[in-house]
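Chemist: Based on what follows, work out the 3D shape:
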Amino acid sequence: MVREGSSIDKALAVLEAVAERHRVTDIATATGVSKSTVHRILQSLVEWGFARPDGAGGYEPGPRILTLAGKVMSRFDPARQASAALRALHDRTGYTTHFAVRSGDEAVYVDKLEGRRPYQMHSRVGMSLRLHCTAIGKAILAALTDDEVLAIAARTRLQPRTAATLTSDEDLLTHLAAVRARGFAIDDEENEPGVRCVAAAVFDHSGDVLGGISVSALAMDASRETLEALGPEVVAAAREVSQALGAPLGLASNR
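Modeler: Numbers count the residues shown, from 1 in each chain. Take a look at the predicted model:
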């Protein structure tokens with residue numbers, strides 16, 4: 001619903017509604033805008049190329065939306081969109097923070113802020129990470145279906161990195177169910193001995209998982225309980241990034 005009397009809000013609400021609804025009556029119901037006003041706005045959108053008649057008495061998105069979207073996406077940098085939330089998370093926790101994006105059966109760090117600690121983490125921008133044994137990786141896997149997870153597991157073979165690495169399909173699926181339930185994933189020395197991380201998934205404009213944000217520290221500096229307590233903060237930061245990337249409103253950090 002839009003604010004009463006705001007013509008710009010009404011026009012934007014109608015434009016957004018056209019993406020999912022075609023009939024004037026349905027658009028009016030979804031937006032709370034009168035049918036006469038919806039019809040008038042649609043005529044303007046057609047003139048501008050942002051909508052077009054669908055041939056069945058309704059309307060659909062016009063070609064200018066694709067043109068505009070193409071121009072925007074050509075300049076779209078996920079790392080830049082995530083930088084403010086990543087910096088805020090870093091400043092609040094004092095630990096190293098990462099943003100990584102999925103690339104096939106792995107993820108790649110695209111941003112890192114070193115923590116305010118007397119040590120540095122081994123990670124670096126451009127480094128790839130496995131999905132089954134890292135916090136960001138497991139947050140990504142938890143946003144996929146079990147069938148998708150099993151397909152990835154079959155290709156990567158769930159190679160052990162430490163004694164704590166999950167290496168069986170059954171254990172991984174059980175673990176991911178718990179990740180989905182709480183909304184964040186923890187790497188408890190599963191990828192590198194002496195290192196713990198907590199992460200939450202980041203989603204893109206289509207609602208698909210794009211990557212994840214994490215907080216990392218040496219195990220001697222951050223207990224598992226400490227990272228569990230930080231989980232909600234990481235989830236909130238990931239949700240902020242998802243929204244900056246255009247993810248559907250109300251989308252949780254893990255589905």
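Chemist: Would you point out the helix or strand in the chain whose mean pLDDT is lowest?
Modeler: helix 63-74 (a mean of 68; mean pLDDT, DSSP states H and E).
Chemist: element containing Val241, please.
Modeler: Using DSSP states H and E, Val241 sits within helix 224-244.
Chemist: Tell me the buried residues in that helix?
Modeler: Of the residues in helix 224-244, 227, 230-231, 233-244 count as buried by neighbour count, 16 or more other CB atoms under 10 Å. For the C-beta atoms, the positions are set from N, CA and C on the backbone; glycine is no exception.
Chemist: and if you look at stretch 29-41?
Modeler: Neighbour-count burial for stretch 29-41 flags Ala30, Thr31, Val33, Val38, Ile41 (criterion: 16+ other CB under 10 Å).
Chemist: want to try TSV for those, with distance to Leu210 and pLDDT as columns?
Modeler: Formatted as TSV, those follow (distance: CB to CB, whole Å; pLDDT from 0 to 100):
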residue	distance to Leu210	pLDDT
Ala30	27	87
Thr31	29	87
Val33	32	90
Val38	33	90
Ile41	32	92
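Chemist: any chance of the residues you listed in JSON lines, plus secondary structure?
Modeler: As requested, the buried residues of stretch 29-41 are exported to JSON lines (DSSP: H, G, I helix; E, B strand; the rest coil):
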{"residue": "Ala30", "secondary structure": "helix"}
{"residue": "Thr31", "secondary structure": "helix"}
{"residue": "Val33", "secondary structure": "coil"}
{"residue": "Val38", "secondary structure": "helix"}
{"residue": "Ile41", "secondary structure": "helix"}
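Chemist: Looking at those, which is nearest Thr156?
Modeler: Taking CB to CB as the measure, Ala30 is the one of the buried residues of stretch 29-41 closest to Thr156, at 42.8 Å.
Chemist: My guess is the closest one contacts Val18. True?
Modeler: No: using CB atoms under 8 Å, Ala30 makes no contact with Val18, being 10.0 Å away.
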